[in-house]
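Student: fold the following, please.
(chains A and B)
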Amino acid sequence: DAGVIQSPRHEVTEMGQEVTLRCKPISGHDYLFWYRQTMMRGLELLIYFNNNVPIDDSGMPEDRFSAKMPNASFSTLKIQPSEPRDSAVYFCASSLGQDRSTDTQYFGPGTRLTVL
Amino acid sequence: AQSVTQPDIHITVSEGASLELRCNYSYGATPYLFWYVQSPGQGLQLLLKYFSGDTLVQGIKGFEAEFKRSQSSFNLRKPSVHWSDAAEYFCAVGVLGGADGLTFGKGTHLIIQP
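Tutor: Next up is the predicted model:
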């Protein structure tokens, strides 16, 4: 299995531009998570999906952020308009979500976003 | 809501020496506990996890962790570190195992001295 795939790996954009981050979860996984990592706040959950349905988006910082999962193999995290404080590493993770005693979240390599 | 504290921001250990990274959690019941490692520019890799049963859990790369309910701790240990262990280590807690968002500690940066 290729693991969780994220693209792009690096994104540099200017303030005010729209940014779209992409994630392909591990095939067969029912749960998909988006996390953000910054020096100040560490790793924090933004949103997660179960069977393509958003379950908890309480971590999404503001209306500029939106996430979708149109099918089981693809999710996007969009920032519009972007601001310098959005600069961070964004991770996608997926899990089976079927047996709590054995389940694990597998993380992608992350997208490093820099907003100038 | 649950929380995780990793008291040590940086730890320096000589190669071959033993290692212990501290993790304390706050949650009303027994949570699901995880240790992840992050190498520079990489994603997070699971080292080990605790759900129930034996409080001493074995993980990959020679790591182990012990769950102590009375101390709300889940410390990570390794008897002899290697230079390749230099990385950032994160302790995390989950309520539903892999089926909900994890709450992470701020991480401990491990430096290995030759």
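
Student: briefly note if the host helix or strand of B:V13 comes near chain A.
Tutor: Here B:V13 sits within strand B:10-14, counting by DSSP states H and E. No: judged by CB under 8 Å from any CB of the partner chain, strand B:10-14 stays clear of chain A, getting no closer than 13.7 Å. C-beta here means a position set from N, CA and C on the backbone, and glycine is covered the same way.

Student: remind me what that strand packs against, helices and strands.
Tutor: strand B:19-21, strand B:108-113 (3 or more CB pairs under 8 Å, 6 or more residues apart in numbering or on different chains; DSSP states H and E).

Student: buried stuff in it?
Tutor: Residues of strand B:10-14 classed as buried by neighbour count (16 or more other CB atoms under 10 Å in any protein chain shown): B:V13.

Student: next one: stretch B:43-60 to chain centre, how far?
Tutor: 8 Å (CA atoms, centre = their mean, to the nearest Å).

Student: in that stretch, what counts as buried?
Tutor: Buried, per 16+ other CB under 10 Å, within stretch B:43-60: B:G43, B:L44, B:L46, B:L47, B:L48, B:K49, B:Y50, B:F51, B:V57, B:G59.

Student: got the contact list for it?
Tutor: For stretch B:43-60, the external contacting residues (CB atoms under 8 Å, 6 or more residues apart in numbering or on different chains) are A:4, A:91, A:93, A:100-102, A:104-110, B:30, B:32-39, B:61, B:63-69, B:74, B:76, B:89-90, B:97.

Student: between the two ends of that stretch, how far is it?
Tutor: Chord length of stretch B:43-60, first to last residue, is 16 Å (CA to CA, to the nearest Å).

Student: most tightly packed of the helices and strands packed on strand B:10-14?
Tutor: Comparing the helices and strands packed on strand B:10-14 on average neighbours per residue, with mean count of other CB atoms under 10 Å in any protein chain shown, the densest one is strand B:19-21 at a mean of 18.

Student: residue ranges with poor pLDDT in the chain?
Tutor: If you meant another chain, say so; for now it's chain A. A:1, A:100-101 (pLDDT under 70).

Student: please go with chain B instead
Tutor: B:98.

Student: what is the end-to-end distance of stretch B:31-46?
Tutor: The first-to-last residue distance of stretch B:31-46 comes to 17 Å (CA to CA).

Student: buried sites along that stretch?
Tutor: So for stretch B:31-46, counting by 16+ other CB under 10 Å, buried means B:P31, B:Y32, B:L33, B:F34, B:W35, B:Y36, B:V37, B:Q38, B:G43, B:L44, B:L46.

Student: state the distance from the residue nearest the centre of chain A to chain B.
Tutor: Centroid check for chain A by CA atoms, centre = their mean gives A:W34 as the closest residue, at 2.9 Å. Distance check for A:W34 against chain B: by CB to the nearest CB, to the nearest Å, it reads 9 Å.

Student: please apply the same query to A:L113.
Tutor: From A:L113 to chain B the distance is 14 Å (CB to the nearest CB).

Student: spatially, what comes nearest to that residue if we skip its sequence neighbours?
Tutor: A:E11 (4.9 Å; CB to CB, 6 or more residues apart in numbering or on different chains).

Student: check which helices and strands the helix or strand where the one you found lies sits against.
Tutor: A:E11 is part of strand A:10-13 when elements are defined by DSSP H and E. In terms of contacts (3+ CB pairs under 8 Å, 6+ apart), strand A:10-13 is packed against strand A:19-24, strand A:111-115.
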